[in-house]
Every structure is written in C-alpha cells, then in structure tokens.
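**Q** A structural model of the following input is requested.
(one chain, ligands or ions: 3)
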Amino acid sequence: MNLAKVIVDVPTMQTNDPYTYLIPDELSDKIQNGMRVIVPFGAGGRKIQGIVADIDHNGDFDGELKEIDGLLDLDSALNDELLSMSKWMAKKTYSFQISCILTMLPSVMRAKYEKELIINDKQDVDDEVLSLFDGANSIDFKVEDIDSTILRKIIQYRKEDKLTVRYKVNDKAKAKKVYAVKPIINSNQAQDELDKLRKNSKNLAKLLDYIINNNEVTITQRKLVNDFNIPESTIKSGIEKGWLTRFWQEEYRNPYEQEVKPNYPLKLNGDQQKAVDSISEATNNEQSDVFLLEGVTGSGKTEVYLQAIQKALENGKTALMLVPEISLTPQMVKRVKGRFGNKVAMLHSGLSSGEKYDEWRRINNGEADVVVGVRSAIFAPLNNIGIIIMDEEHEASYKQDDAPRYHTRDVAKWRCDYHNCPLVLGSATPSLESRARATKGVYKLLSLPKRINNQSLPEVRIIDMKEEIKTTGDEDFSQELLAAINNRLQKNEQIVLMLNRRGYSSFVMCRSCGFVLHCPNCDISLTLHMDSRTMKCHYCGHEEPIPNKCKNCGSKKIRYYGTGTQKVQEKLQNLVPNARILRMDVDTTRRKGAHEKILQKFGNHDADILLGTQMIAKGLDFPNVTLVGVLNADTSLDLPDFRSSERTFNLLTQVSGRAGRADKEGLVYIQTFNPDHYAIRLAQKQDYELFYRKEMSVRHQTNYPPYFFTVKITASDVNEAKAAAKMFEIQKILKAKLSDQALMLGPSPSSILKLKNKYYYQIIIKYKNEPNLSECLNYILNHYQKDAQKGLYVNIDPDPLNFM
Ligand SMILES: Nc1ncnc2c1ncn2[C@@H]1O[C@H](COP(=O)(O)OP(=O)(O)OP(=O)(O)O)[C@@H](O)[C@H]1O
Ligand SMILES: [Zn+2]
Ligand SMILES: [Zn+2]
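**A** Ligands and ions are numbered 1, 2, ... in the order given. Below you'll find the predicted structure:
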C-alpha cells in the first residue's frame, strides 16, 4: 500500500500527530514530502489542507483508510530541513506543528476554507431556502451572511440529509502569468518570408525583422509590443502564419523596479577585518559558531556583514540577513542590492502578498543567494546556507507575540546547526542574554569599539525637565535644546528629534474629577488622534469622537495629557517658523512607500528636522545630522516590565548614535524627569559595558533573566472569574509537578487585564534548572485544549519579552 502521513490543518482541534492516508495510484509517483495536499477529515469527510510529512510505498495499515483527494502544489512547499524544523519548533514554543508550518509559508499558501451548500433533492426543501440557490444545485455560503430563520431551516435540512455542506479548500497561491512568444522559424526562413511580403505590410515586415535578429529568444508579448513597436494584432497574424508560438509564462512581480547603483567593498579597518576573518573562518570550516558583534553606533557593522556574506558566496554558499522591520530602510536595501545585485531577495511587510510569494518562489527555485528580510524571513527556503546574520539582535520584534511564540535567534541557531555555518548577532546594545553568553564563552565576542575613522561618539547632555517646567512651563522644548536647534538651522545642518511614544501616549483627562476615557472593550485609556479627530483604542480598534465634556461629571475642563507627534510638530513649527520639518510616525507612514519617501527627502536635505517616534532611532546614517534631541526619555522607564531600563538604555544609545556620524561632531540632548536614573546616566556616557554590569547585578538580585529563565502562562476568557479560576487550577498543577526551586509570580491579572472583551490572568514561572518543565507544560496545554471550544484559552509563552 502507498501510504502518506499527513499533518492536517484542523483549526478547532489541533494535534501534533500526523494522520495516515492512502495515496491513490494516479498520485503515487507525483507525491513528495513537504507537499500540500487536500484530504478528507472527520466523520463528515470535509476537505482540509495538510502537509505530507512522510511517505511509505510499502505500507501496512489495519482498518479503513481515507484517500488523499489531490495535490495543492506540483513541488514541495517545505523541504526536509523546514519540515524537521517545524517539529522542533512545535516542541520549543509549545505550539502545534501545523501552526509552525503555516508560519513558515508565505501567507498566500495558507489555505482559506469555504463552505459549499448542496441540495440533494429540490423537492425536499421549501421555497425560502430554495430561493437562496437561484436555480443552481449548489452555492458558496457563509453562515454570517444568512438570515437566522433560514439558517435554522438549513441546519434542520442538513440533519435530515436534504442538504449537504461541503468544505472547499481555496488555494490563494497563484503565480502571475503573462503571454510569452518565441519564433519557430529560423532566420533564413524569416528572410524568405520577408522577400515574399507585400510592400505595404509594414508591421509584418517589422516582426520578420525582429525574428531574423532574435531567433532563439523568448520574449514577453508585452515587451515585443512596447520595445519593438509591433502591434498585438501583428503578433497574432505571425502566430497564424506559423512564424511564432505563444504560451503562458510565469512572471515574478518585481517590487524593486528602481535600478540600484552598484557599490564595492570598502577597505576594512583593523577591527572590522578581524571580525570578517573570524566569521569567514567559521564559514570555511563549517562550524556553527555564534558570534556576538558588539560595535558602537557608526562602527561599520553593516560593512562587516556584507563582506562576510561575500566570503560565503565565494564559497558557493548562500546567506541570510535579518533586520528589524524598521531598519530595513532604503539605505540598507541600496547597500545590499548594490553589492550583490540580482542575487538578492527581499522579504518584508512592505511587499504585497503576491510579491512576497514571488520572492519566496525565487528563493525556493534557487534563484536568489542572498536573502534580506524581517523576522519571518528566517524561514526562507534557502539551501546550503553559509552564514546567518541578525542585525540589532536585541530588538524585541524578533520575538513573535502570537503562537507560535518563537524567538528568531533560536530558529536561526537551529538552522546554523543544520547547515554547519556561523550565526552573527550584531548590535551596539546587545540583549543581556546574548552578552552574558558571550561572557561565558558560549558565544564568541567580536568588538568594534570605535567609530569609523575614529570619529568620536557625540557628546550627550541631560536636561532636567522638572527644573525646566518650573522656569518656563514648557514640557516639550527646553531652552537649551531650542537654542541648539536654532544654531544648527543657521549652519544648515540637520536635526533628528525623537518623541518616545512607547508606553503612555496622549489621553484625555478631566481636570475636575480626574476621569480618564477608557476603551469600553479593553482596560486601557484611549489615545487621542488629531488627524481623524477621534479617540482610538490601540488594542481593539474601537474609535469614538473626542469628548467635549467629561462623561463622569459633565465638567468642560478637559485636558489633553501626553503629547502626540502631530501636536509637537505644530508647536515646533511655531517656535522655528522657517525650518522644514518632516514627521515620521504611524500616521505618516501608513501608506506603502511613505517611510522611504520621508527618509529620502531627509537624505536629500529637502528638510531640516526629522521629528519622529522610536522608528527613527535605528540604522539611519545621515552624515549631515549633528544634533539629536530626545524630547521625553522617561515614558519607557515607567512600564511594569523588568526590561524597562534595558529598553530605555538601548533606545537612547541608538538614537544618540544618529548624531555626528561623518566629519562634523554630534551633540545630543536628553530631556527627562528622572535625570539620575542609571539607564539615563549610562546612556549619556554611551557606555554599554558599564550598563551591562549594572543591569546584570539588578537582575541577579531580583532573580530575572539572564540568571533565571522565565515562562508565562496565560488564561483568557470573556468571564473574568473563569479565567482566574483556571489560573489557580494551573498553579496547583505546577506546584505539584515542579521542584521547589521554581519561583512563581501570580496568578495575577495581566497588566492590561481586559483586551478585546476578554480577561487575562497570568502566572510567570522563573527557574534555573527544571527538567520536568516541558513535560508539565505540555500536560497543561493538552489538558486545557478541550476548553478552547468553550472560549477559554490557555497559552504558554517561553522566554517572554512582554510581561504585561
Ligand atoms: N571600512 C570603512 N571605511 C570607510 N567607511 C566605512 C567603512 N566601514 C563602514 N563605513 C561607513 O561608515 C558608516 C557607518 O557604518 P554603518 O552604518 O555600517 O555602522 P553601524 O555599525 O551599522 O552603525 P549603527 O549601529 O549606528 O547603525 C557608513 O556610512 C559606512 O558606509
Ligand atoms: Zn470629570
Ligand atoms: Zn479596545
């Protein structure tokens, strides 16, 4: 018997065990591991998507087997590496293998299910139901589109077998196809035809001319029309006359039409050279070493990445480079594309899903040797990888917040072990976890302690806003910062201003009773948006008009607290009327390509000031920027998260690093209400090593990572009591199964207790060495899975980055 093990995509009842199916004869020579298939599932035999995990051509099976219905692909969607990685990942992240597999595939390859309603006998159903069908025997239907009385009838008819519901798998993955043409006569034959042609057949003559000169070439019809001025009708006659043949050809959508100027390797300085040498030695010797490249801002880390990639390519290998979404700037794209040309594939959220699918297929077909992308690009189907790079390795966006809750660093390490190649983690402010591993010798530390050309790091001055408010009453712009801004404007130099929006942003408060407007669905304050003149919830999307009087006491004394970027921009424009200001925040970058346009404008010096949220803190390399101002350094310090100091230090160091990167010296102002906090003091010195030691001692005292590992377990339900009760039950299980060295925080309501109408309760486990942990957590997951149908969800987040 030809049998296949298939991992099925059953959204309601998840399982990690594959199901066995019979392979029909007509598919037996086509089916491969990693292919997407359609299979019947469950008693109703509804059609669902699955992935072939194993094939056995001489299988045995007792009992009845269902047959595979059909193939969704002609090639494997997942190669052996990714297939076995999905197994590991499911275990590591306490999620289901099918969720891991679907995460690895481009979104268009995740099937959508549609339901089809079929009448078995028209005489059996009443007119009201029959009218839905409009004469046909079957219709596509969505439960939510159908009137509830009719729906009740449908359910009844279904019970009586008068109607059938069939599930269809709707494959969205479609390649873009275009017409291509190719001559089928040779040049001599074309010449003969040309001689026979009547004088006035100018277009046919043009076509024959083309054939004479381009005999063996396949060309898209579009190009033949546009570039050679040959009308479509002429091409059609050419086909009828037997000169050409026409067929459909797959075409990749090209997201980067702009030509990129080539650039060439720079002469490395000593530290850079040492780094490249160590890394490429590991590539050459096929060692899966992990390198931590700790380089101050502007030390030329990118050049190290590019030359290490070059070495891997020279070795006949491929390379994968990951960057946080926000630092995949046009500058970065130019540097990489300019160096490696068409060998580069890009994967990021700026692409349409069709474009992503095309890039993915180029990689899968071996047409790209270098992949640059954001978190999900770690699953790029590259073969023969010679190096993986993670730039800004400390960035929280490398961890996925939803299931599967993987950290890119772990997946990258797994792939490096598989390919026997090095992993390079780069940052000016490494995560404490990575830096601690480097201290222990688990990672190899490479450092770039100096800026390129020995340019000094910028001077950083701290401004105590408590004092400033006393004297001027202005909480946005201190006198000193304003003077510096004016000074740079005079010198025609550029300025970057950051408004820290992490944490509390603008909300509306009543000055009479202190009432703050909250989201009716979530337990957080609504944020003021001046562009749409509404109050919005950033979690569930709830939106309402800005109130003009207090909903609690009716007072009209309503005040806007916190400052939005737009308000600051208006204020700044009044203070410096002649300055050209660009604003960069979620509102101005929503449209595709907007982000690039703003940076390009700033780079061309079509603006003097770039004012933005943390999205301007990283990666930007503009030589003319000599002044950086942080308007409010504190907001990220106040968050209930043990990493808030680390995040604040990182952010301030990164943004300071935007100043004085070329020959002109840089100056930075940090405005703060906590001028003595160590994260701010050490960011002033831009001394990562000192911060590392200080923060490590804090973590040591409080038993937090990297001294302890953490796991977060969350239960959520629309009923608060149920969510809390489950957490107490889970606590009992944990206490019984774990050693007394494991520390437990909670159960407690999550910081944001209510989200999208659900209540969240959590436990955080801190542990050093707990061999039974994963068994115990798996037990909890499986045990509570049945509750998911009742709306109660239990989630496990290993090494969470978000504690709220
Ligand atoms: N060996 C070199 N010789 C001359 N210029 C160099 C060299 N290496 C890098 N540069 C230039 O120095 C500048 C800073 O380099 P890069 O942007 O790579 O720094 P970085 O370490 O990534 O900084 P950040 O962490 O702040 O983003 C760039 O303009 C780059 O072209
Ligand atoms: Zn009030
Ligand atoms: Zn909400």
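
**Q** CA atoms for contacts and neighbours, from now on please.
**A** OK.

**Q** from ligand 2, how far off is the closest residue to Ser299 other than its chain neighbours?
**A** Residue nearest to Ser299 in three dimensions, not counting chain neighbours: Arg451, with 4.1 Å by Cα to Cα, 6 or more residues apart in numbering. Applying Cα to the ion, to the nearest Å, the value for Arg451 to ligand 2 is 53 Å.

**Q** unless I'm mixing things up, Arg451 is touching Lys301, no?
**A** No - using Cα atoms under 8 Å, Arg451 is not in contact with Lys301; the gap is 10.0 Å.

**Q** which one's more surrounded, those two?
**A** Ranked by neighbour count (other Cα atoms under 10 Å), Arg451 and Lys301 place Lys301 first, with 23 against 18.

**Q** please report how far the spatially closest residue to that one that is not a sequence neighbour lies from Gly426.
**A** Nearest residue to Lys301, sequence neighbours excluded (Cα to Cα, 6+ apart): Gly295, at 6.6 Å. Distance from Gly295 to Gly426, counting by Cα to Cα, to the nearest Å: 7 Å.

**Q** and Gln671, by the same measure?
**A** Counting by Cα to Cα, the gap between Gln671 and Gly426 amounts to 28 Å.

**Q** low pLDDT regions in the stretch 501-650 of the chain?
**A** Filtered on pLDDT under 70, the stretch 501-650 of the chain yields the residue ranges 501-514, 522-525, 529-532, 538-541, 559-563, 619, 635-641.

**Q** can you map out the helices along it?
**A** 565-575, 594-603, 644-656 (DSSP state H, counting those that start in this stretch).

**Q** quick one: the helix or strand just after the longest one to helix 644-656, angle?
**A** Past helix 644-656, further along toward the C-terminus, the next helix or strand under DSSP states H and E is strand 667-672. Using axes from the mean of the first three to the mean of the last three Cα atoms, to 10 degrees, the direction of strand 667-672 lies 150 degrees away from that of helix 644-656.

**Q** burial count for Val496?
**A** By the criterion of other Cα under 10 Å, Val496 has 26 neighbours.

**Q** one more: Ile23?
**A** Considering only other Cα under 10 Å, Ile23 is surrounded by 24 other residues.

**Q** wait, it touches Asn2, no?
**A** Yes - applying Cα under 8 Å as the test, Ile23 and Asn2 come out as touching, 5.3 Å apart.

**Q** which neighbours do Gly295 and Gly426 have in common?
**A** Residues touching both Gly295 and Gly426 (Cα atoms under 8 Å, 6 or more residues apart in numbering): Lys301.

**Q** what's the helix or strand Val333 falls within in contact with?
**A** Secondary structure from DSSP H and E places Val333 in helix 330-340. Here helix 330-340 makes contact (Cα under 8 Å, 6+ apart) with 260-265, 306, 344, 370, 596, 599-600, 620-621.

**Q** what angle do that helix and helix 594-603 make?
**A** In terms of direction (the same axes, to 10 degrees), helix 330-340 departs from helix 594-603 by 90 degrees.

**Q** may I see the buried residues of helix 330-340?
**A** Buried residues in helix 330-340, counted by 16 or more other Cα atoms under 10 Å: 331-340.

**Q** toward the C-terminus from it, list the very next helix or strand.
**A** Using DSSP H and E, the helix or strand that follows helix 330-340 in sequence is strand 344-347.

**Q** got the CA coordinates for the helix or strand following that next one in PDB?
**A** With elements assigned by DSSP H and E, the helix or strand that comes after strand 344-347 is helix 353-364. Taking C-alpha atoms only, helix 353-364 is exported to PDB below (Å, rounded to 0.1, in the frame of the first residue of the first chain):
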ATOM      1  CA  SER A 353       1.400  39.100  -0.500                       C
ATOM      2  CA  GLY A 354       1.800  38.400  -4.200                       C
ATOM      3  CA  GLU A 355       5.200  40.000  -4.300                       C
ATOM      4  CA  LYS A 356       6.200  38.000  -1.200                       C
ATOM      5  CA  TYR A 357       5.100  34.800  -2.800                       C
ATOM      6  CA  ASP A 358       7.200  35.600  -5.900                       C
ATOM      7  CA  GLU A 359      10.300  36.400  -3.800                       C
ATOM      8  CA  TRP A 360       9.700  33.200  -1.900                       C
ATOM      9  CA  ARG A 361       9.500  31.100  -5.100                       C
ATOM     10  CA  ARG A 362      12.700  32.800  -6.400                       C
ATOM     11  CA  ILE A 363      14.400  31.600  -3.200                       C
ATOM     12  CA  ASN A 364      12.800  28.200  -3.400                       C
END
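
**Q** any idea which helix or strand comes after helix 353-364?
**A** Next element after helix 353-364 (DSSP H and E): strand 370-373.

**Q** which helix runs longest in the chain?
**A** helix 720-737 (DSSP state H).

**Q** how far off centre is it?
**A** Here helix 720-737 is found 33 Å from its chain centre; the criterion is Cα atoms, centre = their mean, to the nearest Å.

**Q** average pLDDT for that helix?
**A** Helix 720-737 shows a mean pLDDT of 89.

**Q** which residues are in contact with it?
**A** Residues from elsewhere that reach helix 720-737 (Cα under 8 Å, 6+ apart): 714-717, 747-749, 758-763, 772, 776, 780, 792.

**Q** just the buried members of these?
**A** Once neighbours are counted (16+ other Cα under 10 Å), the buried part of the contacts of helix 720-737 comes down to 714-717, 747-749, 758-763, 780, 792.

**Q** quick check: residues of the stretch 201-350 of the chain near ligand 1?
**A** When proximity is defined as Cα under 6 Å from any ligand atom, the stretch 201-350 of the chain approaches ligand 1 at 266-269, 295, 297-303.

**Q** do a quick rundown of the strands in the stretch 151-300 of the chain.
**A** Assigned by DSSP state E, counting those that start in this stretch, the strands in the stretch 151-300 of the chain fall at 163-170, 176-183, 219-220, 244-251, 290-295.

**Q** quick revisit: what's the closest of the helices of the stretch 501-650 of the chain to ligand 1?
**A** Closest of those to ligand 1 is helix 644-656, at 6.6 Å (criterion: Cα to the nearest ligand atom).

**Q** does ligand 1 sit close to that closest one?
**A** No - against ligand 1, helix 644-656 shows no contacts by Cα under 6 Å from any ligand atom, the least distance being 6.6 Å.

**Q** put the alpha carbons of that helix into PDB.
**A** Written as PDB, here are the backbone C-alpha positions of helix 644-656 (Å, rounded to 0.1, in the frame of the first residue of the first chain):
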ATOM      1  CA  SER A 644      12.200  48.800  31.000                       C
ATOM      2  CA  SER A 645      15.700  50.000  32.000                       C
ATOM      3  CA  GLU A 646      17.400  47.900  29.300                       C
ATOM      4  CA  ARG A 647      14.900  49.100  26.700                       C
ATOM      5  CA  THR A 648      15.300  52.800  27.700                       C
ATOM      6  CA  PHE A 649      19.100  52.500  27.600                       C
ATOM      7  CA  ASN A 650      19.100  50.800  24.200                       C
ATOM      8  CA  LEU A 651      16.700  53.300  22.700                       C
ATOM      9  CA  LEU A 652      18.700  56.300  24.000                       C
ATOM     10  CA  THR A 653      22.000  54.900  22.900                       C
ATOM     11  CA  GLN A 654      20.700  54.000  19.500                       C
ATOM     12  CA  VAL A 655      19.100  57.400  18.800                       C
ATOM     13  CA  SER A 656      22.200  59.300  20.100                       C
END
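
**Q** got the contact list for that helix?
**A** Residues outside helix 644-656 that contact it (Cα under 8 Å, 6+ apart): 297, 428-429, 458, 460, 498, 614, 616-618, 628, 630, 633-634, 636-638, 668, 679-680, 682-684, 686, 695.

**Q** and the buried ones among these, selectable in PyMOL?
**A** The buried residues among the contacts of helix 644-656 can be selected in PyMOL (16+ other Cα under 10 Å) with this line:
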select buried, resi 297+428+429+458+460+498+614+616+617+618+628+630+633+634+636+637+668+679+680+682+683+684+686+695
